[in-house]
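J.: Got a predicted structure plus its sequence, pasted below:
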Amino acid sequence: MKVVVFNGSPKADRGNTHVIVSALLEGMAKAGASTENVLLAQKKINHCIGCFTCWTKTPGECVLEDDMEELLKKYMSSDIVIMASPLYVDHVTGIMKDFMDRSLPLVCPQFEMGDVGQTRHVSRYEKYPSIIWVSNCGFPEKDQFAVLQLACERDIRNNKADIIAQIYRSQGPLLTSDDPELELALNRYKELLRQAGAEIVLKRKIPADLQEELEKPLIPEDEYSKGVNASWNSDS
């Protein structure tokens, strides 16, 4: 099984998203998967210019010359793709959005009726990789991912891919904290991610009880909010 992560954090391997992805991949690799972590911040990805050349003159190929040709080959050669991005204004980062926009060559321009009674584009390929979405945010509660979750599910439906899991982590800044009082909670969370990675490789899903544990706050929400406010007030 080949698993490729496309990490859209501008902080690349210094961000909170990387902490989640790294632990998840550790569990996947231990369960026998081949893994790769692609840091989109280190790639050249131009904005889509909406020329539709990838649908007309060069079907399936973009006219822009950058790293996207290589990245889309990695995408399509994967069994599982992990789309990872911190939450920026209720959605993905600009880097990840460019990557998503530039995936247009993977579908055809023609319309067809989807499974839920909504029109979508016809698939260019018979088989697409399964998808896992990973995100974290600086807010205290999980409900902050509602918009991103809906957007991700629509994107996956449009590409005829199946979604294996969605892992959303509130209180994201704690993941890179050096506070010794958080060490136990962070180690436990990383171990849960490793378990989730192994379960995905072996069973292609995260058990409900493990998913529930993954979504629990790292610390009480009110305590987290007070700490964040105190930090910003001390810096001002």
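T.: Happy to help now that I have it.
J.: Double-check that Arg188 belongs to a helix.
T.: Yes - checked against DSSP: H, G, I helix; E, B strand; the rest coil, Arg188 lies within a helix.
J.: quick check, distance from the worst-scoring helix or strand of the chain on mean pLDDT to the centre of its chain.
T.: Of all helical and strand segments in the chain, the minimum by mean pLDDT, DSSP states H and E falls on helix 146-158, at a mean of 84. Remark: helix 146-158 is offset 11 Å from the chain centroid, using C-alpha atoms, centre = their mean, to the nearest Å.
J.: Now do the strands in the chain.
T.: Assigned by DSSP state E, the strands in the chain fall at 2-7, 34-39, 80-84, 107-113, 119-123, 130-136, 163-169.
J.: name the helices or strands packed onto the fourth one?
T.: Meaning strand 107-113. Counting contacts by 3 or more C-beta pairs under 8 Å, 6 or more residues apart in numbering; DSSP states H and E, strand 107-113 packs against strand 119-123. To be clear about C-beta, it is placed using only N, CA and C from the backbone, and glycine gets the same treatment.
J.: Run through the neighbouring helices and strands of the strand it packs on.
T.: strand 107-113, helix 146-158.
J.: Parallel or antiparallel, list what pairs with the shortest one.
T.: Looking at strand 107-113 with DSSP bridges, its partner strands are strand 119-123 (antiparallel).
J.: What are the buried residues along the strand it pairs with?
T.: Neighbour counts over strand 119-123 (16 or more other C-beta atoms under 10 Å) mark Arg120, His121, Ser123 as buried.
J.: Can I get the least confident helix or strand of the chain in PDB? Just the C-alpha atoms.
T.: This file holds the C-alpha atoms of helix 146-158, laid out as PDB (Å, rounded to 0.1, in the frame of the first residue of the first chain):
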ATOM      1  CA  ALA A 146     -17.600  22.500  10.000                       C
ATOM      2  CA  VAL A 147     -17.000  24.500   6.800                       C
ATOM      3  CA  LEU A 148     -13.800  22.700   5.900                       C
ATOM      4  CA  GLN A 149     -15.500  19.300   6.500                       C
ATOM      5  CA  LEU A 150     -18.300  20.100   4.100                       C
ATOM      6  CA  ALA A 151     -15.900  21.500   1.400                       C
ATOM      7  CA  CYS A 152     -13.700  18.400   1.700                       C
ATOM      8  CA  GLU A 153     -16.600  16.000   1.300                       C
ATOM      9  CA  ARG A 154     -17.800  17.900  -1.800                       C
ATOM     10  CA  ASP A 155     -14.300  17.800  -3.300                       C
ATOM     11  CA  ILE A 156     -14.000  14.100  -2.700                       C
ATOM     12  CA  ARG A 157     -17.500  13.400  -4.100                       C
ATOM     13  CA  ASN A 158     -16.700  15.400  -7.300                       C
END
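J.: Ok, which of the helices and strands packed on strand 119-123 comes nearest Ile82?
T.: helix 146-158 (11.8 Å; C-beta to C-beta).
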